[in-house]
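A.B. asks: Based on what follows, work out the 3D shape:
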Amino acid sequence: MANQEKNKEIYMDHIAAGPVRPEAVRAMAELLANGFGNPQSVHSRGQAAAEALARAREQVASLVGADPWDVIFTATGSEANNLALKGIAPGRKKKSNRIVVSSIEHLSVLNPARTLAKDGYELAILPVDGHGLVSPERLREELAAGAALVSVMHANTEIGTIEPIEELAAVCRERDVPFHSDGWGAAGVVPVDVKRLRLGAYTIAAQNFGGPPGAAALVLPKGTPARPFIEGGVQERGLRAGQENIPAIAGMGIAAELALRDMEKNAARTRAVRDALVERLPREIADVVATGHPERRLPNHASFCVKYIEGEGMLLFLDRTGIMAASGSACTSKALKGSYVLEAIGVDTAVAQGSIVFTIGPENSIGDVDAIVSAMKPVVARLREMSPLYRRK
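C.D. replies: Alright, predicted model coming up:
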């Protein structure tokens, strides 16, 4: 970070964390200073908190085409995913003890599914193609044996691919199986309509669309059975006990309202930057390969594998120039393991080590692409000079 004074900061890791909308910050600051009150209390401060909670529930529901009653607030997307897996599957165990998930789900879906498998559930893993897509026909075949729950993410945050959740949800309805989709990275970025798609559950996190960390939700429509994940109170329909974080939830609600308003404009702006990155990096730097689907992908997402080098070294050198990106998922990048997502789509293990992911925000511009390409050329050249893989090329 020593060169930060000389270089403009270019932040392209928005899926991991992003700036909070100023409007949300102001509302949260006011509530933190003066808005204390428990929504369960009958006095005026408690009722004011209850009104703020209800307003945020309406704002979040509008963003994803749901009813306010459907929104169960949680602290994180990972918690919401755990509630979906550990809440829905036990409620349907008498019908089936099978859980079906894709091979590229976030660990907050895969790990709870594996935990349930240790408790007697049968776990089926759906493969993906070379772009990371789940086949609806393959799901239909899998559901011939029935299932308690199917969980397939809306979009993969490591490779940007948008899954065909409308078709997958329709297949699940044919078999009367609830379909959960993890909307981390997608909600607030691309349109989703929970009621129209008739989803069984949908995960959403505030920090993906300008809200604060520490606020998320599981959208759980009427008709989807679920058991409590955290017990001890009546909050959130009795499924998630504990006093709600009203300032964070209010900030999430305001950010959701603004994300819905600005979605088309933001998508157009970030898509232009994404397309420039996808076009220029493989053309101007040898042995750079784009990952994910070329068309069915998030508008703010560009991902690559740079052959013969490691992604972590790239990130460290780029950070010295003021450029901040990611290598794989933020939740697994420090695990010192290869990417299971890249492995699932057939990327060679050595090539996968050179993963780099740019997730773009509304403040990024085409000019940032010029800076990234210019910075990456000497960084890649220097790392390849030190690479035994490159010398054996």
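A.B. asks: Could I get the pLDDT score of the residue nearest to Gly188 when sequence neighbours are not counted?
C.D. replies: Once flanking residues are discounted, Gly188 sits nearest to Phe209: 2.7 Å by Cβ to Cβ, 6 or more residues apart in numbering. Every residue, glycine included, has its C-beta placed from N, CA and C. The per-residue pLDDT reported for Phe209 equals 96.
A.B. asks: Hmm, Phe209 is touching Glu257, no?
C.D. replies: No. Using Cβ atoms under 8 Å, Phe209 makes no contact with Glu257, being 10.0 Å away.
A.B. asks: Which one of these two is surrounded by more residues?
C.D. replies: Under the neighbour definition other Cβ atoms under 10 Å, Phe209 and Glu257 were set side by side, and Phe209 has more, 25 against 20.
A.B. asks: which residues sit in contact with the more buried one?
C.D. replies: Leu63, Ala187, Gly188, Val189, Ala255, Ala256, Leu258, Ala259 (Cβ atoms under 8 Å, 6 or more residues apart in numbering).
A.B. asks: How about the most centrally placed residue in the chain: what's its closest non-neighbour residue?
C.D. replies: Closest to where the C-alpha atoms of the chain average out (Cα atoms, centre = their mean) is Trp184, at 2.3 Å. Excluding its sequence neighbours, the residue lying closest to Trp184 (Cβ to Cβ, 6+ apart) is Gly77, at 4.4 Å.
A.B. asks: what's the burial count for that neighbour?
C.D. replies: Residues contacting Gly77 under the criterion other Cβ under 10 Å number 25.
A.B. asks: do the same with the one 5 residues further on
C.D. replies: Number of residues near Asn82 (other Cβ under 10 Å) recorded here: 21.
A.B. asks: Next: the one 3 residues further on.
C.D. replies: For Leu85, the count of nearby residues is 28 (other Cβ under 10 Å).
A.B. asks: Doesn't it belong to a helix?
C.D. replies: Yes. According to DSSP: H, G, I helix; E, B strand; the rest coil, Leu85 belongs to a helix.
A.B. asks: Can you give me the distance of it to Ala187?
C.D. replies: For Leu85, the distance to Ala187 (Cβ to Cβ, to the nearest Å) stands at 18 Å.
A.B. asks: what's the offset of the biggest helix by length in the chain from the middle of its chain?
C.D. replies: In the chain, assigned by DSSP state H, the helix with the most residues is helix 246-284. Relative to its chain's centre, helix 246-284 lies at 13 Å (Cα atoms, centre = their mean, to the nearest Å).
A.B. asks: residues of the helix or strand that it is followed by that come out buried?
C.D. replies: Counting by DSSP states H and E, the next helix or strand C-terminal to helix 246-284 is strand 288-290. The neighbour-count check on strand 288-290 (16 or more other Cβ atoms under 10 Å) flags Val288, Ala290 as buried.
A.B. asks: Partner strands of strand 288-290 and their direction?
C.D. replies: Sheet partners assigned to strand 288-290 using DSSP bridges are listed as strand 301-306 (antiparallel).
A.B. asks: mind putting the contacts of Phe209 in CSV, pLDDT and neighbour count included?
C.D. replies: Compiled in CSV, those are given as follows (pLDDT from 0 to 100; neighbours: other Cβ atoms under 10 Å):
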residue, pLDDT, neighbour count
Leu63, 98, 28
Ala187, 97, 30
Gly188, 97, 28
Val189, 97, 25
Ala255, 98, 29
Ala256, 98, 30
Leu258, 98, 21
Ala259, 98, 21
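A.B. asks: Same list (those residues) but as a markdown table, adding distance to Gly292.
C.D. replies: A markdown table is the format used below for the contacts of Phe209 (distance: Cβ to Cβ, whole Å):
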| residue | distance to Gly292 |
| --- | --- |
| Leu63 | 24 |
| Ala187 | 18 |
| Gly188 | 19 |
| Val189 | 15 |
| Ala255 | 26 |
| Ala256 | 26 |
| Leu258 | 27 |
| Ala259 | 22 |
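A.B. asks: Tell me the one of these nearest Met386?
C.D. replies: Val189 (36.9 Å; Cβ to Cβ).
A.B. asks: Brilliant, that's me finished.
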